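K.L.:
predicted model, plus sequence, below.
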Amino acid sequence: MTEPKDTLYANPLAQVDSFSFDQQVVDVFPDMIKRSVPGYPTIVNMIGSLAERYVSADSNCYDLGCSLGAATLAMRHRIQNANCRIVAVDNSPAMIARARQVIAADSLDDIPVAFIEGRIQDVALENASMAVLNFTLQFIDVTERPALLSNICRGLNPGGVLILSEKVAFQDPPHQELMTQLHHNFKRANGYSDLEIAQKRASIENVLIPESLSVHRERLRAAGFSSVDVWFQCLNFASIIAIK
Ligand SMILES: C[S@@+](CC[C@H](N)C(=O)[O-])C[C@H]1O[C@@H](n2cnc3c(N)ncnc32)[C@H](O)[C@@H]1O
Ligand SMILES: O=C(O)C(=O)C[C@]1(C(=O)O)C=C[C@@H](O)C=C1
């Protein structure tokens, strides 16, 4: 089945509302994220590969801000060890409702998936070998980010891994401008018009707050991770592997 196309910002809006993960967004989300985030399919695929390597027997995996469960499915299909469980968390009721349907339709159903409709800040991770924040931390209030990452690190077993993917910001203004322009070119090449790009940009302003890679690195170390490094970057989108 072809995915419904994202045309949410295709027509001029009298007022551009702040971006939210409501039913309208849920309906076009797979198309939206693929056409908006350079490298998204590669990152999701690699989350599967990392699950193969890091998920140990008798442990839990956490997909924090799971949306429609892309990372949950990637982990579920590649985990090698026995008696594992995936906990998928999202605070958007519309996302969780659709994610439940997506997972129910997955024929590889030997690894149980538990859904939590709630804030990832309120989840107590336990006995975790892998946690994923795939483009979710950027939507959390900056002041709440340190405690969230400390909580994740606390819930991971020694040697456990966190995959943190984010839109990132750059300290050097000309480089920031270059990355922004190249990202917009990426969107244009994927069929978004200048109007769509401009209206989406306005809607995510003050909702999606990107930070620099050095801020992410330092905060992950302060949260207790012993090894922190970027494993993927395309323009202003990056993914970090942090090992406890
Ligand atoms: C860009 S999407 C994540 C994409 C998804 N991880 C994937 O790989 O396809 C961000 C998600 O985080 C969720 N979210 C934002 N803030 C949250 C919070 N405080 N607690 C739980 N979920 C949150 C949103 O509802 C949305 O579904
Ligand atoms: O930066 C943008 O323009 C985006 O659209 C990015 C982004 C993201 O990184 O999560 C923002 C919201 C949607 O969830 C899909 C993609």
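P.N.:
Cool, the structure landed. Numbers count the residues shown, from 1 in each chain. Ligands and ions are numbered 1, 2, ... in the order given.

K.L.:
nearest spatial neighbour of residue 208, skipping sequence neighbours?
P.N.:
Nearest residue to residue 208 in three dimensions, chain neighbours excluded: residue 138, at 5.0 Å (C-beta to C-beta, 6 or more residues apart in numbering). Every C-beta, even on glycine, is put in place using the N, C-alpha and C of the backbone.

K.L.:
ok, that neighbour - contacts?
P.N.:
166-167, 208-210 (C-beta atoms under 8 Å, 6 or more residues apart in numbering).

K.L.:
and residue 41, by the same measure?
P.N.:
Applying C-beta under 8 Å, 6+ apart, we find residue 41 in contact with residue 34.

K.L.:
pull out the buried positions in the helix or strand that contains it.
P.N.:
Take DSSP states H and E as the rule and residue 41 turns out to sit in helix 40-54. By 16 or more other C-beta atoms under 10 Å, the buried positions in helix 40-54 come out as 40, 43-44, 46-48, 50-51, 54.

K.L.:
just give the number of residues close to the closest residue to ligand 2 within the chain.
P.N.:
Nearest residue of the chain to ligand 2, counting by C-beta to the nearest ligand atom: residue 36, 3.5 Å away. When counting by other C-beta atoms under 10 Å, one arrives at 20 neighbours for residue 36.

K.L.:
residue 189 is in contact with that one, correct?
P.N.:
No - if you go by C-beta atoms under 8 Å, residue 36 and residue 189 don't touch, sitting 11.8 Å apart.

K.L.:
next secondary structure element downstream of the longest helix anywhere in the chain?
P.N.:
Assignment by DSSP state H gives helix 173-189 as the longest helix of the chain. Later in the chain than helix 173-189, the nearest helix or strand by DSSP H and E is helix 194-204.

K.L.:
what about that following helix and ligand 2, any contact?
P.N.:
Yes - counting by C-beta under 6 Å from any ligand atom, ligand 2 has neighbours in helix 194-204: 200, 204.

K.L.:
next secondary structure after that helix?
P.N.:
strand 211-212.

K.L.:
show me what that next one is packed against.
P.N.:
Contacts defined by 3 or more C-beta pairs under 8 Å, 6 or more residues apart in numbering; DSSP states H and E place strand 211-212 against strand 156-169.

K.L.:
quick check: residues of this structure near ligand 2?
P.N.:
32-33, 36-37, 135, 167, 200, 204, 208.

K.L.:
most centrally placed residue in this protein?
P.N.:
Nearest to the geometric centre of the chain sits residue 134, at 1.9 Å (C-alpha atoms, centre = their mean).

K.L.:
report pLDDT for it.
P.N.:
We have a pLDDT of 99 for residue 134.

K.L.:
residues touching residue 238, list them.
P.N.:
Applying C-beta under 8 Å, 6+ apart to residue 238 gives the contacts 165-166, 168, 213, 230, 232.

K.L.:
same check on residue 158?
P.N.:
Counting by C-beta under 8 Å, 6+ apart, residue 158 makes contact with residue 244.

K.L.:
also residue 18?
P.N.:
By C-beta under 8 Å, 6+ apart, the contact list for residue 18 reads 203, 206-207.

K.L.:
can you flag the buried ones in the residues you listed?
P.N.:
If we count by 16+ other C-beta under 10 Å, the contacts of residue 18 have these buried: residue 203.

K.L.:
could I get the contacts of residue 18 as TSV with pLDDT?
P.N.:
As requested, these are exported to TSV (pLDDT from 0 to 100):
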residue	pLDDT
203	98
206	96
207	98
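
K.L.:
closest to ligand 1 out of the contacts of residue 18?
P.N.:
Closest to ligand 1, out of all of the contacts of residue 18 and judged by C-beta to the nearest ligand atom, is residue 207, at 9.4 Å.

K.L.:
what are the contacting residues of stretch 219-231?
P.N.:
46, 145-146, 149-150, 152-154, 162, 164, 213, 217, 238-244.
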